[in-house]
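Colleague: Prediction below, plus the sequence it came from.
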Amino acid sequence: MSDVLTRLHQVLDARKDAEPSSSYVASLYHKGLNKILEKVGEEAVEAILAARDTEAGGDPQALINETADLWFHTLVMLAKLNIGPEPVLAELERRFGLSGHDEKAARPSQDT
Ligand SMILES: N=c1c2ncn([C@@H]3O[C@H](COP(=O)(O)OP(=O)(O)OP(=O)(O)O)[C@@H](O)[C@H]3O)c2ncn1[C@@H]1O[C@H](COP(=O)(O)O)[C@@H](O)[C@H]1O
């Protein structure tokens, strides 16, 4: 399934040469990194609100959709900075099976 992240990244990369009027992703690149970061923040808030609604008995599909929007916009953010999903997946792989407390204790002191 993580293959879809790689395939999506290839599309996001190709959109760097597209006309802003022809593609949502190209229009985001054209507006610049600050607009992309604004979208990531917006989608994070929408995911948080949908999680609250789901806990209160709402439709989990709304949370799934908002999480997909959030992941998508973080991929656009990374692509804008010439980073694909692979190093993020590799970092998750590296952390896999490590206790969260142990992993945090082993981080360089400037990381949060
Ligand atoms: N996965 C997605 C995807 N998820 C969400 N979105 C878009 O993200 C936007 C987020 O919704 P909003 O209501 O916040 O957006 P908005 O109101 O248009 O934005 P603002 O004007 O408020 O900034 C919507 O336009 C969604 O269609 C996506 N747009 C594109 N993709 C993928 O990216 C590929 C390339 O897309 P294009 O560049 O548009 O061809 C597509 O083939 C898909 O695979």
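Modeller: Great, that's in hand.

Colleague: Now the helix or strand residue 30 falls within: buried residues?
Modeller: Taking DSSP states H and E as the definition, residue 30 sits inside helix 24-31. Buried residues in helix 24-31, counted by 16 or more other C-beta atoms under 10 Å: 25-26, 28-29. Where you see a C-beta, it was placed from the backbone N, CA and C, and this is true even at glycine.

Colleague: Stretch 42-50 too?
Modeller: 43-44, 46-47, 50.

Colleague: Please enumerate residues in contact with it?
Modeller: 58, 62-63, 65-67, 69-70, 72-73 (C-beta atoms under 8 Å, 6 or more residues apart in numbering).

Colleague: mind checking how far it is from the chain centre?
Modeller: Computed by C-alpha atoms, centre = their mean, to the nearest Å, the chain-centroid distance of stretch 42-50 equals 13 Å.

Colleague: Stretch 43-59 now?
Modeller: 17 Å.

Colleague: Please name the residues that touch residue 6.
Modeller: 84-86.
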